[in-house]
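Q: give me the fold of what follows.
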Amino acid sequence: MFRSRLNTLLLLLLISTHVIIQSFSLVCSDEVVSGFSGSAHQLVEEILSVLGFSDLSFDLRYSYYYGGRPLLICGGELKKLGILGLDSSDLVVGVFVNNSWRELPYRVFIDKIEASNGYTQYVISPIITESSCLELILPSEIPEVGNLTHEILPQVRGSKAVEVLVVITDEVAKYVIPLYFFINPTIKDRERSVRYDYDYGLLTMDVLSPYRTHEKLRIVELVNEEKSYLQEKLHLTDTDFNKFTSHLIKELQKPINSEVRSIEILEPRPPGEIPDGGGGPPLTWNYVERTPVLFNNLVWVGGE
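A: The predicted structure follows:
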């Protein structure tokens with residue numbers, strides 16, 4: 001009788017221990033699921049490995065690892081851009097992608113205040129100095145060398161265009177990113193410097209600011225497209241999958257600077273003049289914020 005009870009207790013203990021271990025391996029915390037942790041670079045690498053993406057093209061690798069993510073340029077590096085002393089409202093940043101021009105969102109700040117709920121308020125620097133940091137969102141696709149005569153953006157007419165090559169080097173490849181800084185355009189947008197002076201956290205309204213959603217995160221789109229496969233391979237419930245996706249996006253929001261071997265800003269080429277196209281009505285902008293997990297769900301939060 002005693003031996004039978006002892007065996008029963010041991011069996012219950014083993015079952016209980018197995019359940020605890022299984023639960024711990026599945027959800028280690030509110031943000032880390034199935035052993036996924038670390039930097040965005042490590043997360044992307046693990047996701048691509050699970051999906052069997054072992055031999056990526058140069059362009060795809062850029063899109064998955066760096067497309068849609070922030071790049072931070074601070075201090076002396078700003079001097080190379082030739083924008084010290086400039087009013088940050090008098091600057092437009094653009095790239096040439098798929099034979100067309102695209103404006104990139106940026107902000108110039110000297111500090112930021114982070115609330116416990118994930119909301120971040122940036123202390124904007126109206127005049128760009130060596131104490132400032134310029135943060136911009138990299139394009140989803142790797143850009144090309146721009147054609148300044150090809151259907152230029154209307155908001156940069158009358159400006160001086162400075163081409164700057166940013167060289168990003170990681171353990172696999174070297175990416176040369178042509179960025180274009182359009183200085184003192186004829187059309188003045190005085191709200192540009194404060195338009196992106198905040199960020200929502202994922203825990204506040206489950207939406208991201210227009211700054212964050214301007215460029216697509218290709219790796220997040222891939223994760224959502226392969227949701228069923230990833231859930232099966234990683235044994236994730238819908239709840240755990242959403243937690244993992246939120247954690248991934250949180251890491252992708254961090255600047256790429258600390259995850260690569262080096263970021264070098266080459267000396268800019270002599271500026272080119274963008275002709276002033278004349279008059280016309282002032283430009284207006286509409287902004288959309290969308291949920292970070294399902295990109296087809298739109299939430300309107302602002303107007304012109």
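
Q: not counting its neighbours along the chain, what's nearest His222?
A: Not His; residue 222 is Leu. Spatially, and ignoring its direct neighbours in sequence, Leu222 is nearest to Tyr64 (7.0 Å; C-beta to C-beta, 6 or more residues apart in numbering). (Each C-beta comes from the backbone N, C-alpha and C, glycine too.)

Q: part of a helix, is that neighbour?
A: Yes. When DSSP: H, G, I helix; E, B strand; the rest coil is applied, Tyr64 is found to be in a helix.

Q: would you check that it makes contact with Ile219?
A: Yes. Counting by C-beta atoms under 8 Å, Tyr64 touches Ile219, with 4.7 Å between them.

Q: which residues do those two both contact?
A: Common contact partners of Tyr64 and Ile219 (C-beta atoms under 8 Å, 6 or more residues apart in numbering): Val44.

Q: okay, now the unreliable bits of the chain?
A: 1-37, 201-209, 277-304 (pLDDT under 70).

Q: ranges for the helices of it?
A: Assigned by DSSP state H, the helices in the chain fall at 2-26, 40-50, 58-65, 76-81, 210-213, 218-225, 227-234, 238-252.

Q: tell me which of these is the most buried.
A: Among the helices of the chain, helix 210-213 has the highest mean neighbour count (mean count of other C-beta atoms under 10 Å), at a mean of 22.

Q: my read: Val220 touches Lys250, true?
A: No. The criterion here is C-beta under 8 Å, and Val220 misses it with Lys250 at 11.3 Å.

Q: so what's Ala173 up against?
A: Counting by C-beta under 8 Å, 6+ apart, Ala173 touches Phe58, Arg61, Tyr62.

Q: what sits closest to Arg102 if chain neighbours are left out?
A: Val95 (5.5 Å).

Q: do you know how far the one you found is from Glu251?
A: Going from Val95 to Glu251 by C-beta to C-beta, to the nearest Å gives 24 Å.

Q: what's the answer for Phe53, then?
A: Relative to Glu251, Phe53 is positioned 19 Å away (C-beta to C-beta).

Q: check Lys188 too.
A: 37 Å.

Q: contacting residues around the residue sitting nearest the centre point of the chain?
A: By C-alpha atoms, centre = their mean, the chain has its centre lying nearest to Arg69, at 2.3 Å. Arg69 is in contact with Ala40, Ile137, Leu138, Leu217, Leu252, Gln253, Lys254, Pro255, Ile256, counting by C-beta under 8 Å, 6+ apart.
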